[in-house]
Structure formats: structure tokens, C-alpha cells
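**Q** Take this sequence and fold it.
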Amino acid sequence: MPLSIADRLGAIRHTLANLNIDAFIQPRADEYLGEYVPEANERLEWLTGFTGSAGAAIVMADTAAIFIDGRYTVQVRQQVDSHLFEYQSLTELPLTDYLIQTLTTSSTVAVDARLHTFAWFQQAKAQLAQAGIALVAIDTNPIDASWHDRPAMPSHPAMLFSDRSAGATSLEKRQLIGEKINAQGAEWALITALDSCAWLLNLRGRDIPRLPVLLGTGLLAANGDMRFFTDINKLPSDVLAHVGTGVDFYPEAQLSEHIQGLKGKRLFADSHTANAASQLLAQAAGAILVDASDPVALIKACKNPQELAGMRACHVRDGLAVTRFLAWLDSEVAAECLHDEAELAAKLESFRRQDEQYIEPSFDTISAAGGNAAMCHYNHLNGTPAQLPMNSLYLVDSGGQYLDGTTDVTRTVAIGEVSDEHKLMVTLVLKGHIALDQARFPRGTTGQQLDALARQYLWQYGYDYDHGTGHGVGHCLSVHEGPQRIGKNSNATPLMAGMILSNEPGYYRDHAFGIRIENLVEVQACQQLADSERSMLEFSPLTLIPIDTRLVEKSLLTPKEIQWLNHYHSQVFSAHAKQLSGAELAWLTQATAAI
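**A** Here you go, the predicted model:
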């Protein structure tokens, strides 16, 4: 029988007492430090019951605390026992500040260094030391020893990703990145981001839900040779022929041995994304660490022509699937057949599954009825799915992983009669979406500089939203890809041609409703300003799905905004009309009619 949360805390505390440790930090991340983790690495969930995608817990002898951000203030109270954990904000009270306030001088805090970045470890160690508190890396995670019914690690076979779809061979990619390593004065690079490894090797996998990658870590040499440490039993027999010369595969357990063999070598490692354990080991072995950003990230983010062609193609097919779902949903509402959130999410995926190139969702579908949509990262799987109420808004944020690309779209839908307040807020969000979509900007512009375009109309009415406006998206890889983004927070990465980002302003009213309108867009050279004094960029929408005009207050739109909406809907109609007939075509015709 599984241990209760109280018993799990007791087991951890017993281990800490034996080690003479006063506090232990368990983040949600695993050793790969990605957004998604396999079930076997959901240590924070095992410890607390919390299923959010970000957070951390601190366990001490007599107390414990769970730290979350603003996305999960409601969810944490539903899932985590307040008698066992106090609730804290990651932003208002960082982990180290909490420890300094709570512990006494000469206390010892332990971490599993695989689960934290090297930059965080160094900063936390220095900050705690000033308060007389020691931060130590322990060899084994105390959760692992107590998690007796821990799921097995995934064993799905790796997939060879077509060189044609990738637009370049693995050898070409590895040599290109090797040149960057050499330019930084290093001989090797530690490649820990799972999507970076997958991109470099033209491999995909099923090791992590929603992210088609293979668990593993790479060491890339300046000449393009690569050692990849993974479960070699997952590799197909022809993998060496696929990846080309210069690649060797090893069991993941041998990574430490190879890092220790880098004595005297200059090792390129990203202290902000690679785990502390690997870099602490390299330092101890006498390697010379060169701290720089993941050398793969920016090149991977700027899609080549073949990748862009795949992204455009999958968005047409994905748009057709979502369009058919929206047509079905309207017919069900008209028949007063109202489903729950889980049924709606399953129905939506059933349309995507009809595509032969579909792999899986690109993230857990946010199928949010009524007031649940006010939680911008709501997951109906975390509780009892709510029934869709009449005369309300329904928010559905979903995406697909396809063999030729990745999608992500949000639509807010009228269910029955909606209020003037609904229309006002949707229209303000739409105006911001249009303003960002229509932006033209010189090369070198960052997403932070554009973020206010999407918020300006909400601001004029005294409203705002707490999430970013846009994130990068990978090519049959992570739906949340860096280093580019659009948001209030500082980001020095300029937007560049070939990048894919989301455009997703929103508005959320607690316990009432939530609104978000999201398209993916491609950054490209500005065609109409080819002779301008400066080299200019613009966005081109990839997503082709109707926006619910029943929620639009036309009087609040300018003539140019109306023109944008009508032109967008004409593109949607042209993309899908030939694939539809009967009631579905009639619905599309009405949904994309000019306003």
C-alpha cells in the first residue's frame, strides 16, 4: 500500500536526521531540468501531491513548505494538505530567503545537485553562507530511497527523424555547433537540454509525455564528434548509419566517467540550464568550465526552410482538426448537449488523431469551462472535470506534436448567450492580439520591447494578465522553446527570421471567466518595407482557426482591425473549405463571414 503524504514526510525527515541535515530542497525539476518530466521523476508530486509544472518543497525536522508561482495559488490549496505544508510564493519569498528566515546559524541545507542549475547552486550557496548556513550536495536523493512503488523509467524505442524533414543531417548540425564551441575557446560542450540533443542527432523519442525526445546527455566536441549517454537499449539497429560519422552512444551511467576524463580540457557549459552536479564533477576533475548559453538553442530556434515548410503544413492540418471540433461543439450546444471538460478535450484530440502524422498532444489540453478558465494553466485532470454551463465562455488551449511540426492554439468560445462584459473583455484581448500580429520592427528588437503592444488596450481599462505574451515553439520538439520570448521580463534575445512564437494575450477574472486568443506566428523579413532605411521584420500567422466573432464588439474595433479580422478569416476559409462539406462547411462559412 502506498505511503500517505504524512508517512512520506516522516521517511524523509528520518533520512535527514541520520545525515545531520536541517533542511532539504526538492524542486519539481528532474536531472534534465526541463519543463516536462517522466512519471518516474515526479518527485515533488510524490512528496506533496502537487501536480503543477513548477514549484519546490522544503522539508525540515518539524515543518515543511511548498513554493509555487501565481499560476498555482488555487491548485496548490486543492492538492496539498495545509496541515503538512505551509504555502509560500516563489516570487515573493525565494527559497534561500525563506531558509535564512527560518533556520539558525550553523544549519545545513541539502540538495540533490542534479535537480538544480549550477548558477542557482552557486548563488544559493553564497547567499546562505552569508547567514552562516551551509549548502551541501548529497549523493543520493532521500525521496528515491523511500519511493518503493516508483514507476519504471520509460522504455519506448527512439525514432529516427528524417534528415529531409530536419533540413540538415546530424553531421552538418554537429559541425555547425562545433564551430561555435571552438569560437568560444572550448574543446567540448556539455549538452543537457533534451530538445537540443534530439535536434543535434535527428532523433526523437517517447520518454517524456508531450515532448518527443530521448532521455540522455551529450558531450559535443569542437570538431563535431558527439558522445551521447542514454539507455542504449532504446536505439534502433540502424542508428549509427542515421546519425553519421563521429557519434558514439554510451549507457547513461557512464557520463560521470567521461566527464572525469576531461581534466585540463575547456568545457563549454550553460550554468543557467545544465545541472549543477555535472559541472561540480567537471570542476573536481580539473576541467576548465566556460560559462555560456547552450550553443544549440539559438540556431535551433531559427528554423531552416524545410522546418518552416513542415510547421506551415502541420498548422493547416491542425487548423482543420480544431475547426471541425469547434463546429461539432457549436452543434452540441445548439442541441443543448453539454459535455464536461474531459469529454471536450478527448473529442478535440479525436479530430487530431485522424492525421497520420499526429504523434500526441504538445501539452496537456487546457479545457476550461466557466470560472475554471480564470486559472490560466488549469488542468481538468487535477480534479473532477466540470460540466460546460450555458451562457458562459469556454476556453480551450491545445496543441499537437506532428512528424513535421508542433502546434499550440487557444480559442475562447461563446456557449449560449454571453454578456456585454464578456464581449468587452474579449475585444480588448483581440485588439492586443492584432496589434502584436501587425507589428513591424527592426532587426535586434526583443520580445520584451514588443510586449506592451498586446497589453495596451487592457491597460487603458485598468486590466492586465500575469503570464507572458509569447513563447518560442520547436519543430516536432518543445512547445515551449527558448531562448526567445515575448513578455514583461527582461530577455536579451532579439527576434530573428525563422523563429516561431506564440501571440497569446488574455484576461482572467477570478471564479468568473478566462479569455485567451492564441496563434503561432513566424518571424520573417518585412516584405512591404524591403527598401526601408533599416532591415525590418514582421510576423506571419501560422494558425488557421476561426476566432469567435460572436464575442467581438465591432464598435470597439478600428477599420484596420476589422480589415485584419476579415482578412484572417478569409485565409482560414481558403485553407479548409475544400476539406469540408455539409454542416461543417456551412459552419465554417458562417464562422469566417466578414463582420
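**Q** Specify the local secondary structure of Thr245.
**A** With DSSP: H, G, I helix; E, B strand; the rest coil as the basis, the three-state label of Thr245 is coil.
**Q** ranges for the helices of the stretch 151-300 of the chain?
**A** 163-166, 170-183, 194-201, 239-243, 255-260, 276-285, 297-301 (DSSP state H, counting those that start in this stretch).
**Q** Please list the residues outside the first one that contact it.
**A** Translated: helix 163-166. Outside helix 163-166, the residues within contact range by C-beta atoms under 8 Å, 6 or more residues apart in numbering are 169-170, 173, 199, 202, 306-307, 310, 403-404, 475-476. Using the backbone N, CA and C atoms, a C-beta is placed for each residue, glycine as well.
**Q** go with 7 Å
**A** With C-beta atoms under 7 Å, 6 or more residues apart in numbering as the test, helix 163-166 has contacts from 169, 202, 306, 310, 403-404.
**Q** for the residues you listed, which one is nearest Pro209?
**A** Comparing the contacts of helix 163-166 against Pro209 with C-beta to C-beta places Leu403 closest, at 17.5 Å.
**Q** Wait, that closest one touches Tyr358, no?
**A** No. In this structure, Leu403 is not within contact of Tyr358 by C-beta atoms under 7 Å, at 8.2 Å.
**Q** among the helices of the stretch 151-300 of the chain, which is nearest Thr108?
**A** It's helix 276-285; of these, that one is closest to Thr108 (C-beta to C-beta) at 16.9 Å.
**Q** Buried residues, the closest one. List them.
**A** Judged by neighbour count using 16 or more other C-beta atoms under 10 Å, the buried positions of helix 276-285 are 276-282, 285.
**Q** what do you get for stretch 166-183?
**A** The neighbour-count check on stretch 166-183 (16+ other C-beta under 10 Å) flags 166-168, 170-171, 173-175, 177-178, 180-182 as buried.
**Q** any idea of the mean pLDDT for it?
**A** What stretch 166-183 shows for mean pLDDT is 97.
**Q** That one: how far from the chain's middle?
**A** In terms of C-alpha atoms, centre = their mean, to the nearest Å, the centre of stretch 166-183 is found 25 Å from the chain centre.
**Q** again with stretch 376-388
**A** 19 Å.
**Q** mind starting the numbering at 31 from now?
**A** With 31 as the first residue, the last one maps to stretch 406-418.
**Q** Show me the contact partners of that stretch.
**A** Contacts of stretch 406-418 (C-beta under 7 Å, 6+ apart): 81, 101, 105, 108-109, 368-372, 374-375, 394, 396-400, 402, 424, 445, 497, 536, 538, 544.
**Q** Mind giving me the PyMOL select for these, buried ones only?
**A** In PyMOL, this line selects whichever of the contacts of stretch 406-418 come out buried by 16+ other C-beta under 10 Å:
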select buried, resi 81+101+105+109+368+369+370+371+374+375+394+396+397+398+399+400+402+424+445+497+536+538+544
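**Q** Flag the shaky bits of the stretch 431-580 of the chain, pLDDT-wise.
**A** Along the stretch 431-580 of the chain, segments meeting pLDDT under 70 span 560.
**Q** Likewise for the chain?
**A** In the chain (pLDDT under 70), the answer is 560.
**Q** which residues does the one residue sitting closest to the centre of it contact?
**A** Closest to where the C-alpha atoms of the chain average out (C-alpha atoms, centre = their mean) is His510, at 3.2 Å. Residues near His510 by C-beta under 7 Å, 6+ apart: 65, 501.
**Q** any idea how far it lies from Thr573?
**A** Using C-beta to C-beta, to the nearest Å, His510 is found at 16 Å from Thr573.
**Q** can you check Glu614 too?
**A** According to C-beta to C-beta, Glu614 and Thr573 sit 19 Å apart.
**Q** Settle it for me: which of those two has more neighbours?
**A** The neighbour comparison of Glu614 against Thr573 (other C-beta atoms under 10 Å) goes to Thr573, with 24 against 19.
**Q** Quick check: chain neighbours aside, which residue is closest to that one?
**A** If the residues on either side of it in the chain are set aside, Thr573 comes closest to Asn549, at 3.8 Å by C-beta to C-beta, 6 or more residues apart in numbering.
**Q** can you confirm that neighbour is in a helix?
**A** No. Counting by three-state DSSP, one finds Asn549 to be strand, located in no helix.
**Q** I figured it hits Pro571, correct?
**A** Yes. Using C-beta under 7 Å as the test, Asn549 is close enough to Pro571 to be in contact (4.9 Å).
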